[in-house]
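Student: Here is a sequence with its predicted model. Questions after.
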Amino acid sequence: MEDIIKNVDQADSLYVFNGKSFLEYIDFIKIKNAVLSLGIPIEDTVKLSEIYTYVVKNCPAQKKNLDKIFFENIMYSHLKNIYINTFDEDIDVNTFKSRMKKILNKTKGNSDIPYPYSQLATEHGFYLMDLIHVTATGAKFISGFNIDEKDGQLKSAKILFVEAVNDKMN
């Protein structure tokens, strides 16, 4: 292993931002301001890939916070194709997670997401938006998922379903 990776800087350089497919759905300024509010010094960055690279290399403990900011921004910045469903009854969070696990297992088997990344998709929540770049037209997958719970009951669940489409402009 020492022959492959000689130092920490080299290991950090292995990170590649692959979330470019989502960039048209975000508000970069809002993301940048949210990251700055976490105390991460990214004033000079001009691209989301630069922010991700900086966080991965210099403050990896903040990556999950950055992932959540990116996820929420995709969901709400343009409000395109957002569907809200409400439940009339309380839902036990463990019951919801077990059902979500079944959905994830089914989608993993029919997905174009590389195996190592698909294994990161669990019923406890995940963010894959910066890691994957699936271009196969018609590919369907879940790229992010999180839940809020209170007293063992589900308060909300956000799921980012994706279908790769043929961009006729390119």
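Tutor: Nice, I can see it.

Student: What ranges in the chain fall below the confidence cut-off?
Tutor: Applying pLDDT under 70 to the chain picks out residues 1-13, 79-82, 167-170.

Student: can you map out the strands along it?
Tutor: Along the chain, the segments classed as strands by DSSP state E run 126-127, 140-150, 153-163.

Student: CA-only coordinates of the second one, as PDB, when you get a sec.
Tutor: I take that to be strand 140-150. Taking Å, rounded to 0.1, in the frame of the first residue of the first chain, the C-alpha atoms of strand 140-150 are listed here in PDB:
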ATOM      1  CA  LYS A 140     -33.100   5.400 -12.500                       C
ATOM      2  CA  PHE A 141     -31.600   5.500  -9.100                       C
ATOM      3  CA  ILE A 142     -31.800   7.200  -5.700                       C
ATOM      4  CA  SER A 143     -29.000   9.700  -5.200                       C
ATOM      5  CA  GLY A 144     -29.800  11.000  -1.800                       C
ATOM      6  CA  PHE A 145     -32.100  10.200   1.100                       C
ATOM      7  CA  ASN A 146     -32.600  11.500   4.600                       C
ATOM      8  CA  ILE A 147     -35.100  11.400   7.400                       C
ATOM      9  CA  ASP A 148     -36.100  13.400  10.400                       C
ATOM     10  CA  GLU A 149     -37.600  11.600  13.400                       C
ATOM     11  CA  LYS A 150     -38.900  12.500  16.800                       C
END
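
Student: That one vs strand 153-163, what angle?
Tutor: With axes from the mean of the first three to the mean of the last three C-alpha atoms, to 10 degrees defining the directions, strand 140-150 sits at 170 degrees from strand 153-163.

Student: which helices and strands sit right next to strand 140-150?
Tutor: Applying 3 or more C-beta pairs under 8 Å, 6 or more residues apart in numbering; DSSP states H and E, one finds that strand 140-150 contacts helix 63-76, helix 93-109, strand 126-127, strand 153-163. The way it works is simple: take the backbone N, C-alpha and C, and place the C-beta from them, glycine included.

Student: of all those, which gets the most neighbours per residue?
Tutor: strand 126-127 (a mean of 22; mean count of other C-beta atoms under 10 Å).

Student: From Gly152, how far out is the closest residue to Lys63 other than its chain neighbours?
Tutor: Take Lys63 and drop its neighbours on the chain: the residue closest to it by C-beta to C-beta, 6 or more residues apart in numbering is Val55, 5.5 Å away. Distance of Val55 to Gly152, given as C-beta to C-beta, to the nearest Å: 32 Å.
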